[in-house]
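In: just a sequence and a predicted model for now, questions to come.
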Amino acid sequence: MSTNRHATTGLALAMISLFAAVPARGESVEDPTYRSWAKVVPGTLVTVRTTAETAGGSFLTETHSKLISIDDKRAVVETWTEQKSPHGEITKNAPSEQTIKRMFPLFPGVKKEEIGRPSGAMKKGREKLTIAGREFDAEWYETKGTTEAGPSYTRTWISEDVPGLVLKAETTVPAAKKTTKIELIAIEKP
């Protein structure tokens, strides 16, 4: 189960956090994840549900992210997960804090409009998506990856109107008969 939680968190963070250990030179840009959290007030809670379907059963994880504080330089978000195994066992993980800096140096060769978007998209587009009881203008991206079992295919929907950006993502690994779905289920304001 821990691997499932880390895969979920890793997928979301990989999609939106391309900003570690870059030398401080060149142009600075605003992190779209910071910008998405800046649209809400501290205490706002975002819940995302991940369902992984495998030959061994269905694993369910809910990831809760709460804005603790925000200023003109950074946002602090507390995140914790609750996992449910195919046998009904529930595991709750301790909260951890993530600091999202507002500005960071732009990588050489990266365009501003690519920041916070999945890299290497085979296809992309825009559509209206109704999720968590609201309609969003969403961008979607289709990407291909590699796993131990073979190729994986992911379609990700994002919106800067959602704290954390991710509305939904669906990944399939045909050779492993595995499907993972991530979906926003709630945005609760204090």
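Out: That came through fine.
In: identify each buried residue in stretch 86-106, please.
Out: Of the residues in stretch 86-106, those buried under the neighbour-count criterion (16 or more other CB atoms under 10 Å) are 93, 100, 102, 104, 106. Placement of C-beta: from N, CA and C, glycine included.
In: contacts for stretch 179-190?
Out: Among residues not part of stretch 179-190, those counted as contacts by CB atoms under 8 Å, 6 or more residues apart in numbering are 7-8, 11-12, 40-53, 62, 131-132, 134, 162-163, 166-173.
In: out of the residues you listed, which are buried?
Out: Of the members of the contacts of stretch 179-190, the ones counted as buried by neighbours, 16+ other CB under 10 Å, are 8, 11-12, 40, 44-52, 62, 131-132, 162-163, 166-169, 171-173.
In: among those residues, name the ones in strands.
Out: Secondary structure assignment by DSSP state E places 45-52, 62, 131, 166-169, 171-173 of those in strands.
In: give me the low-pLDDT residue ranges for the chain?
Out: Low-confidence segments of the chain (pLDDT under 70): 1-26.
In: would you map the helices across it?
Out: 2-16, 32-37 (DSSP state H).
In: against which helices or strands is the last one packed?
Out: It stands for helix 32-37. Using 3 or more CB pairs under 8 Å, 6 or more residues apart in numbering; DSSP states H and E as the contact definition, the elements that helix 32-37 packs against are strand 74-84, strand 96-101.
In: can I get the CA coordinates of stretch 112-120 in PDB?
Out: What follows is the C-alpha trace of stretch 112-120 in PDB, where atoms were taken according to Å, rounded to 0.1, in the frame of the first residue of the first chain:
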ATOM      1  CA  LYS A 112       7.100  29.500 -19.600                       C
ATOM      2  CA  GLU A 113       3.800  28.000 -20.900                       C
ATOM      3  CA  GLU A 114       5.200  24.500 -20.300                       C
ATOM      4  CA  ILE A 115       5.800  24.900 -16.600                       C
ATOM      5  CA  GLY A 116       3.500  22.700 -14.500                       C
ATOM      6  CA  ARG A 117       2.400  20.700 -17.600                       C
ATOM      7  CA  PRO A 118       3.300  17.100 -18.300                       C
ATOM      8  CA  SER A 119       6.400  17.000 -20.500                       C
ATOM      9  CA  GLY A 120       6.500  15.000 -23.700                       C
END
